[in-house]
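> 3D, please:
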Amino acid sequence: IVLVVYVDDVFGTTNDPNLINWFNLEMNNRFIYSNLGEISKLLGTWVSRNENGDIYVTAQPAIKRLIEQYGGIENKSTITPSLIACSIG
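Alright, predicted model coming up:
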């Protein structure tokens, strides 16, 4: 299991569904724990999965909000990659 822990948030991933089920049971037995299901947001990034199981992580909405907040939307933009893809499994 790969775990990401930030203060009181924990995100875990593995290619073995039995292992993640075991982890969730152990966490629930030891702590006040809420399993929120498949991740969609983590530390200001948005996470999604396509039909092939590829995972995409982007901070684009947060970046756009910052640009709008600080008035940089009028600046000339350029196209750059904003998605990172990785395959698990």
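
> Helices of this protein, start to end?
17-30, 60-69 (DSSP state H).

> Could you tell me the least trusted of these?
Note on those: helix 60-69 shows the lowest mean pLDDT, a mean of 81.

> tally of neighbours for Asn35?
Here the number of neighbours of Asn35 (other CB atoms under 10 Å) works out to 11. C-beta: built from backbone N, CA, C; applies to glycine.

> same question, Ile32
For Ile32, the count of nearby residues is 7 (other CB under 10 Å).

> Next, count neighbours for Gly44.
11.

> contacting residues around it?
By CB atoms under 8 Å, 6 or more residues apart in numbering, the contact set of Gly44 is Ala59, Ala62.

> next one: the one 3 residues further on
Contact analysis of Val47 by CB under 8 Å, 6+ apart lists Ile39, Ser40, Lys41, Ile55, Tyr56, Val57.

> Verify the stated contact: Val2 with Thr14.
Yes - Val2 is within contact range of Thr14, at 6.9 Å (criterion: CB atoms under 8 Å).

> Tell me which of these two has more neighbours.
Neighbours of Val2 and Thr14, each counted by other CB under 10 Å, are more numerous for Thr14; the result is 14 against 9.

> That one touches Asn24, doesn't it?
No - judged on CB under 8 Å, Thr14 makes no contact with Asn24 at a distance of 11.2 Å.

> low-scoring stretches of the chain, by residue?
By pLDDT under 70, the low-scoring segments of the chain are 72-89.

> Quick one: the strands in it, in order.
Here the chain has its strands, by DSSP state E, at 2-6, 9-13, 41-42, 45-49, 55-58, 84-86.
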